[in-house]
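K.L.:
what follows is a predicted protein model with its sequence.
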Amino acid sequence: MAPKFTPGPWIARKLWHCDDCRKTDENHHWEVQNKRGHPVADIEWKVEGREIDEANARLIAEAPALLAALKTLIERSGHMSPFGSEASVKGVRLAGKYMAALDAANALIAKVEA
């Protein structure tokens, strides 16, 4: 099934509201763009503060790569066990937490691709 979102890669770009604003680094906002430079998301300037706005833009821009990495981890988890063959109480607890993490990851992927 093809994803219902704009395929990556995406990039976070700082945009200014006017040419003179570049001199003072004021009045800018962050935009997440696809590889053709078309907007995917806009982070309004000074909503949370400049550093947080930039961090939010960079996190959003990495969403396609994060999704791909998560899918790869889930796919590869079926081919190996992180617990070895030793069955112990601790190993069983870890296995339960590991399976819960895989279930949560699968649920997130389903939510994104719905």
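P.N.:
Received it, and whenever you're ready, just let me know what you need.
K.L.:
the longest helix along the chain packs against which elements?
P.N.:
In the chain, with assignment by DSSP state H, the single longest helix is helix 89-113. Identification of packing neighbours for helix 89-113 by 3 or more C-beta pairs under 8 Å, 6 or more residues apart in numbering; DSSP states H and E yields helix 63-77. Just so you know, the C-beta spots here come from the backbone N, C-alpha and C atoms, and that holds for glycine as well.
K.L.:
next, the angle helix 89-113 makes with the helix it packs on.
P.N.:
Counting by axes from the mean of the first three to the mean of the last three C-alpha atoms, to 10 degrees, helix 63-77 points 140 degrees away from the direction of helix 89-113.
K.L.:
any buried residues in helix 63-77, and which?
P.N.:
By neighbour count with 16 or more other C-beta atoms under 10 Å, helix 63-77 contains the buried residues Ala63, Pro64, Leu67.
K.L.:
other SSEs contacting that helix?
P.N.:
Against helix 63-77 (3+ C-beta pairs under 8 Å, 6+ apart) you get helix 89-113.
K.L.:
now do the longest helix of the chain: distance to the chain's middle.
P.N.:
Centroid separation between helix 89-113 and its chain, computed with C-alpha atoms, centre = their mean, to the nearest Å, is 18 Å.
K.L.:
tell me the mean pLDDT for it?
P.N.:
Throughout helix 89-113, pLDDT has a mean value of 77.
K.L.:
what is the subsequent helix or strand relative to the worst-scoring helix or strand of the chain on mean pLDDT?
P.N.:
Every helix and strand of the chain was ranked by mean pLDDT, DSSP states H and E. The lowest is helix 21-24, at a mean of 65. Reading on from helix 21-24 to the C-terminus, the next helix or strand found by DSSP states H and E is strand 28-34.
K.L.:
next up, the contacts around the nearest residue to Asn106 once chain neighbours are set aside.
P.N.:
Take Asn106 and drop its neighbours on the chain: the residue closest to it by C-beta to C-beta, 6 or more residues apart in numbering is Ile74, 6.4 Å away. Residues counted as contacts of Ile74 (C-beta atoms under 8 Å, 6 or more residues apart in numbering) are Leu102, Ala105, Asn106, Ile109.
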